[in-house]
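Asker: A structural model of the following input is requested.
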Amino acid sequence: MFMPTLPNQFETTPVCTLLTEAERGLIGFDQRLIQTLIDRPEETLAAMETMVAGQREDAMLDLTEQMFDLYRHFRTPLAVPFFIELLKQREDSIPDPLMEAFADLG
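Answerer: Next comes the predicted model:
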């Protein structure tokens, strides 16, 4: 039987594992997880890049909004392909937060 990662284990668990468990609905995307992700920017960005590159069949939750917020927090050029993909998905107007995210990057 699989046991999800407990919050007191977040600091020692690979970020990729944490994001995968969140995507599967095994752990909550709460302040404890967010703080862990923010505290480990390089590992978090690498894991996010891997996750947005492909769809996983076992994903129960769409973490697009959370990924967007994390990319905005880190203010990294690595976010540009993710932001462009969000832009392509919009058929009507561009949401203000997405426009602001592009502006934040210059």
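Asker: what residues are up against residue 28?
Answerer: residue 22 (CB atoms under 8 Å, 6 or more residues apart in numbering). Heads up, the C-betas are built off the backbone N, CA and C, glycines and all.
Asker: go again using 10 Å as the cut-off
Answerer: 4, 7, 21-22 (CB atoms under 10 Å, 6 or more residues apart in numbering).
Asker: quick one: it from residue 34, how far?
Answerer: 10 Å (CB to CB, to the nearest Å).
Asker: intersection of neighbour lists for the two?
Answerer: Counting by CB under 10 Å, 6+ apart, residue 28 and residue 34 have no common neighbour.
Asker: still on that earlier bit, please pick the buried ones from the contacts of residue 28.
Answerer: 21-22 (16 or more other CB atoms under 10 Å).
Asker: of the contacts of residue 28, closest to residue 73?
Answerer: Distance to residue 73, by CB to CB, is smallest for residue 22 among the contacts of residue 28, at 16.1 Å.
Asker: quick one: contacts for that closest one?
Answerer: 4-5, 28-30, 33, 37, 59-61, 63, 66.
Asker: now the residues you listed in CSV, with secondary structure, pLDDT and distance to residue 76?
Answerer: CSV is the format used below for the contacts of residue 22 (DSSP: H, G, I helix; E, B strand; the rest coil; pLDDT from 0 to 100; distance: CB to CB, whole Å):
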residue, secondary structure, pLDDT, distance to residue 76
4, coil, 82, 28
5, coil, 93, 25
28, coil, 93, 25
29, coil, 94, 20
30, coil, 95, 23
33, helix, 97, 19
37, helix, 97, 13
59, coil, 80, 23
60, coil, 87, 27
61, coil, 90, 23
63, coil, 93, 17
66, helix, 95, 16
